[in-house]
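Chemist: here is a sequence with its predicted model. Questions after.
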Amino acid sequence: MNSKCGLTLGKYAPLHKGHQFVIETAILETDKVVVMIYDSPEVTNIPLAVRANWLRSIYPSVEVIEAWNGPSQTGLTPEIKKMHEDYIIKQLAGRKITHFYSSEFYGEHVSEALGAINRLVDCERNTLPISATQIRENAYACHSYLHPLVYRDLITNVVFLGAPSTGKTTIASRLAQEYNTLWMPEYGREYWEEHQVNRRLSLMQLMEIAQGHLEREEALLRRANQFLFTDTNALTTYHFSLYYHNAVAPELVQLAIESASRYDLVFVCSDDIPYDDTYDRSGEVNRRIFQKQIEGELIVRKIPFFRLCGNLDERVQFVKNVLGQYRKYSNIVDCI
């Protein structure tokens with residue numbers, strides 16, 4: 001018995017449940033599924049590698065072909081159709097396709113070129129009335145049509161670092177309110193209040209703080225609206241561990257390393273505001289030391305950051321100016 005091999009293709013910019021319906025139909029009806037994904041920089045700035053990773057993560061049994069130099073012309077002229085057909089056949093590199101899956105006009109001529117069955121799926125979008133264009137215009141409004149993995153990758157994760165009592169919590173909560181989104185409070189403060197003994201935590205407890213913070217942050221990324229404002233990350237916990245124990249648990253070392261590429265924008269809150277001497281803090285002298293350590297660590301790890309100075313309104317306006325210029329997956333240098 002001959003095996004059935006299905007092919008579907010697209011930009012997946014971003015991948016949504018309409019796309020998934022086509023892919024999952026192909027998975028149900030064939031023995032093997034190939035998905036070809038186009039770079040299409042003229043349509044989206046979400047890197048092809050990110051979009052391909054969505055497909056591979058959600059559908060591990062599917063073979064993903066990354067089409068980096070596909071034709072961008074659209075239309076039904078014989079020349080344009082032939083250009084696309086030749087490109088697809090070349091990328092398939094001899095793979096035999098028996099069924100071509102799509103919900104678009106090109107299904108007929110592409111399937112004919114492949115010698116495959118033209119399997120059209122939900123062409124009128126009656127089952128899933130959504131398009132990638134709608135999502136690009138307002139992803140938050142289309143949240144229900146996006147896989148959680150996809151949606152969290154569309155959120156700009158903004159982290160505020162700095163020593164204790166430098167205004168991280170205040171600015172994160174203020175910006176969340178102004179942008180109608182969520183913010184991630186520092187989990188370490190809550191954990192410290194519940195578990196500290198003589199104002200100290202063990203090495204493993206500090207690791208648990210970093211892990212717990214990350215888990216909560218991940219959950220909020222899947223519900224945020226365009227931005228998530230995060231108070232502190234594993235790098236700060238790493239430095240507390242060094243300061244109090246002169247050692248760091250291996251798991252926390254790894255979390256600190258991973259934090260270098262986790263955040264889209266990093267802001268360091270300066271220590272130019274009055275120190276709030278509460279029971280859970282270790283003094284203004286230590287604040288200055290922590291501040292130097294955090295900025296030094298960012299420099300050593302080559303993590304670009306913006307320094308926030310002045311009063312709250314001045315800091316908020318500075319962040320707003322950066323956010324106004326920043327585009328997710330763009331070069332951070334372009335918004336400086």
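Modeler: Perfect, I can see it now.

Chemist: now do stretch 248-267, average pLDDT.
Modeler: The pLDDT scores in stretch 248-267 average 95.

Chemist: who touches that stretch?
Modeler: In this structure, residues lying in contact with stretch 248-267 by Cβ atoms under 8 Å, 6 or more residues apart in numbering are 156-161, 171, 203-204, 206-207, 210-211, 214, 230, 233-235, 237-238, 241-242, 298, 301-308, 319, 322-323, 326, 328, 332. The C-beta positions use only the backbone N, C-alpha and C, and glycine is treated the same way.

Chemist: could you dump stretch 195-215 to PDB, C-alpha only?
Modeler: Extracted in PDB, the C-alpha atoms of stretch 195-215 (Å, rounded to 0.1, in the frame of the first residue of the first chain):
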ATOM      1  CA  HIS A 195      10.600  31.400  54.400                       C
ATOM      2  CA  GLN A 196      13.400  33.600  55.800                       C
ATOM      3  CA  VAL A 197      15.200  32.600  59.000                       C
ATOM      4  CA  ASN A 198      17.100  35.500  60.700                       C
ATOM      5  CA  ARG A 199      16.700  37.400  57.400                       C
ATOM      6  CA  ARG A 200      18.500  34.800  55.400                       C
ATOM      7  CA  LEU A 201      17.700  32.100  52.800                       C
ATOM      8  CA  SER A 202      19.700  29.100  51.800                       C
ATOM      9  CA  LEU A 203      21.400  28.500  48.400                       C
ATOM     10  CA  MET A 204      18.600  26.200  47.300                       C
ATOM     11  CA  GLN A 205      15.900  28.600  48.500                       C
ATOM     12  CA  LEU A 206      17.400  31.300  46.300                       C
ATOM     13  CA  MET A 207      17.300  28.900  43.400                       C
ATOM     14  CA  GLU A 208      13.600  28.200  44.200                       C
ATOM     15  CA  ILE A 209      13.000  31.900  44.100                       C
ATOM     16  CA  ALA A 210      14.400  32.200  40.600                       C
ATOM     17  CA  GLN A 211      12.500  29.200  39.300                       C
ATOM     18  CA  GLY A 212       9.300  30.300  40.900                       C
ATOM     19  CA  HIS A 213       9.600  33.800  39.500                       C
ATOM     20  CA  LEU A 214      10.200  32.300  36.000                       C
ATOM     21  CA  GLU A 215       7.200  30.000  36.200                       C
END
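
Chemist: and the helix or strand where residue 293 lies, which residues are buried?
Modeler: Take DSSP states H and E as the rule and residue 293 turns out to sit in helix 284-300. If you call a residue buried by 16 or more other Cβ atoms under 10 Å, then helix 284-300 has these buried ones: 284, 287, 290, 291, 293, 294, 295, 297, 298.

Chemist: distance to residue 195 added to these, as JSON lines?
Modeler: Shown next, in JSON lines, are these (distance: Cβ to Cβ, whole Å):
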{"residue": "284", "distance to residue 195": "25"}
{"residue": "287", "distance to residue 195": "23"}
{"residue": "290", "distance to residue 195": "20"}
{"residue": "291", "distance to residue 195": "25"}
{"residue": "293", "distance to residue 195": "23"}
{"residue": "294", "distance to residue 195": "23"}
{"residue": "295", "distance to residue 195": "28"}
{"residue": "297", "distance to residue 195": "25"}
{"residue": "298", "distance to residue 195": "28"}
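
Chemist: out of those residues, who's nearest residue 23?
Modeler: Distance to residue 23 across the buried residues of helix 284-300 (Cβ to Cβ) is lowest for residue 298, with 40.6 Å.

Chemist: just give the closest residue to the closest one, not the sequence neighbours.
Modeler: Using Cβ to Cβ, 6 or more residues apart in numbering and skipping the chain neighbours, the partner closest in space to residue 298 is residue 305 (5.2 Å).

Chemist: what does that neighbour show for phi and psi?
Modeler: phi -150, psi 160 (degrees, to the nearest 10).

Chemist: what's the local residue count around it?
Modeler: Neighbour count of residue 305, defined by other Cβ atoms under 10 Å: 17.

Chemist: list the contacts for it?
Modeler: Residue 305 makes contacts with 161, 266, 267, 268, 295, 298, as judged by Cβ under 8 Å, 6+ apart.

Chemist: just the ones in helices from the contacts of stretch 248-267, please.
Modeler: 171, 203-204, 206-207, 210-211, 214, 234-235, 237-238, 241-242, 298, 319, 322-323 (DSSP state H).

Chemist: wait, residue 240 touches residue 206, no?
Modeler: Yes - using Cβ atoms under 8 Å, residue 240 is in contact with residue 206, at 6.2 Å.

Chemist: what separates residue 122 from residue 113, distance-wise?
Modeler: Residue 122 sits 23 Å away from residue 113, going by Cβ to Cβ, to the nearest Å.

Chemist: ok, now residue 164?
Modeler: Residue 164 is 64 Å from residue 113, where distance means Cβ to Cβ.

Chemist: and the two? Which one has more around it.
Modeler: Shown here are residue 164 and residue 113; by other Cβ under 10 Å, residue 164 has more neighbours (24 against 17).

Chemist: so where does the more buried one fall, helix or strand?
Modeler: With DSSP H and E as criterion, residue 164 is part of no helix or strand.

Chemist: wait, it sits on residue 287?
Modeler: Yes - Residue 164 is within contact range of residue 287, at 5.9 Å (criterion: Cβ under 8 Å).
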